[in-house]
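Q: My questions concern the predicted model and sequence given below.
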Amino acid sequence: MKKNFEIEKKIPGALGRAGNIYTPHGVVQTPAFIIVGTKSTVKGVHPDYLKNIHTQAVLANTYHLYLQPGDDIVAQGGGIGAFMNWQGPTFTDSGGFQVFSLGEAFGTKVSKVASGEIPMVSETDRTQQSKAHKLAHIDEEGVTFKSHINGSLHRFTPERSMEIQWNLGADIIFAFDECTSPLAGEAYQRQAMDRTHRWALRSLVRHNELDPEKKQALFAVVQGGRFEHLRQESARILAEMITEHGDTFDGFGIGGSFNKNDMGTAVKWVNEILPEDKPRHLLGIGEPRDIFEAVEQGCDTFDCVSPTRIARTGTVYTTYGPINLMNARFKTDFSPIDTETPSEPSLKYTRAYLAHLFRAKEMMGPILASMHNVFFMVKLVADIRQSILDDRFYEFKKEFMDKYYGGK
RNA sequence: GCGUCGAUGGCGGAGUGGUCAAUCGCAACAGACUGUAAAUCUGUCGGCAGUAGCCUACGUUGGUUCGAAUCCAACUCGGCGCA
């Protein structure tokens, strides 16, 4: 079996490490922030810019590209990378997140990261009526989706997800899983986790039929919610999972829901068990604080919609915390977006100019803010990597956190 | 000059006797956003008071009425028509 990951240096006294993931489209130097480009485009950001700022990889979405334009068309276009003119490494999520966002979370404000008090809602408390409005329905075999675009019905199974991801052609793909809600109780988490494990094996089997030469790396997705013993069990089962042909996973994703306050702890439970010599991707995370915690506890890659999503509504990252450019005080603030971050937008434009663009609803507002935020996160995680290589991770962490959160 | 229609909170525009401090949209002011249902969503938005409540308000003045943004009269301003 070819080697697709190597560790360069570890963080003393922790699980963290700096390393390299090798893909057919280049090396991902880890830790790395993978930029989300759901529909084979990073919203508002040109691929050339991503390249210029040394973005390590782009993550697209199986469900969205399957619906539009269709994975067959993406395949004809040469796969997501060629289709969007991105030459670097690519990932695709399996559609597992949509099981949550279009299912349990649909029509609610529930986020996969819960903060503060978590109301425990048992499965029986949910009415049939509310379930009827959801766009995703789960059964043992797979998930039936109702398209959010035109209402048409679609069936996803682990096998189908592998086939679509094979067509999309990303370098790193994920097993089809169920991202559970942070509101789900232990009984449901257990049930969903066990099912996700069965789906993982089916994904592994189907993937190896499609890709005997192993052009794509397949990552399993650890579940278990906020329950320590479930997380540990999930990590153990997936780490040991092997097909009758001897195939195993190339890496692991850590998915599902988290408690905002102890994300590092949850990640640690898992990474203490996962094999050290395979890469670990923390799905859908996150904020600077989360990333520092997760890197320290052994995660190698991350993806998150936050940089581009918050940018579109006027929020930009700065060294001293995020700011919302729509706030009145920025109307006449002619300083750079962030004096300590040399992104192209920050070097060339003022806060007042961006504030004007956002108020005028000019598309350059979201574009420039997205460019800045992508730069900020890519650079932050690159800086974290460098701090590990330089043996100064903890110093860098404290320095950054003190500025960014200002003691909060 | 005559006729006619209209004048509502920053703007647009509902409301036509009590349930109106007044639907809604925009603007404004905040907040949220963690494997993108998202250039989205939520809250506030006359003044004062921590909810109770009080005050000032629907062009102006006066009137009808238990009660008026809503009915009547005059006036002021504006649109349109005729001279």
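A: Looks like it arrived, so ask away.
Q: what is the rounded mean pLDDT of stretch A:323-331?
A: Averaged over stretch A:323-331, pLDDT sits at 97.
Q: right, I mislabeled it, should have said stretch A:68-82
A: 97.
Q: Contacts only, for A:Phe396.
A: Listed by CB atoms under 8 Å, 6 or more residues apart in numbering, the contact partners of A:Phe396 are A:Asp383, A:Ile384, A:Ser387. Yep, even glycine has a C-beta here, placed from its N, CA and C like the rest.
Q: Make sure the second one is indeed in a helix.
A: Yes: membership of A:Ile384 in a helix is supported by DSSP: H, G, I helix; E, B strand; the rest coil.
Q: coming back round to it: what subset of the contacts of A:Phe396 is buried?
A: Burial by neighbour count, 16 or more other CB atoms under 10 Å: within those this picks out A:Ile384, A:Ser387.
Q: Pipe the contacts of A:Phe396 into CSV and attach pLDDT and distance to A:Ala175 per row.
A: Shown next, in CSV, are the contacts of A:Phe396 (pLDDT from 0 to 100; distance: CB to CB, whole Å):
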residue, pLDDT, distance to A:Ala175
A:Asp383, 98, 31
A:Ile384, 98, 27
A:Ser387, 98, 32
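Q: which of the contacts of A:Phe396 lies closest to A:Ser306?
A: Nearest to A:Ser306 among the contacts of A:Phe396, counting by CB to CB, is A:Ile384 at 16.5 Å.
Q: Which residue ranges of the stretch 1-150 of chain A form helices?
A: Using DSSP state H, counting those that start in this stretch, the helices of the stretch 1-150 of chain A run over A:47-52, A:62-67, A:71-76, A:79-84, A:96-99, A:128-132.
Q: Tell me which of the ones you listed approaches RNA strand B most closely.
A: helix A:96-99 (3.6 Å; CB to the nearest atom of the strand).
Q: And for the closest one, what's in contact with it?
A: Helix A:96-99 has contacts (CB under 8 Å, 6+ apart) with A:61, A:63-64, A:112, A:136, A:138, A:143, A:145, A:161, A:174-179, A:196, A:221, A:255, A:283-284.
Q: at contact distance from RNA strand B, anything in that helix?
A: Yes: contact of helix A:96-99 with RNA strand B (CB under 7 Å from any atom of the strand) involves A:Gly96, A:Phe97, A:Gln98.
Q: Same check on stretch A:205-218?
A: No: for stretch A:205-218, no contact with RNA strand B is found by CB under 7 Å from any atom of the strand; the gap never falls below 11.8 Å.
Q: How far off centre is that stretch?
A: 22 Å (CA atoms, centre = their mean, to the nearest Å).
Q: In it, which residues are buried?
A: A:Val205, A:Arg206, A:His207, A:Asn208, A:Asp211, A:Gln216, A:Ala217, A:Leu218.
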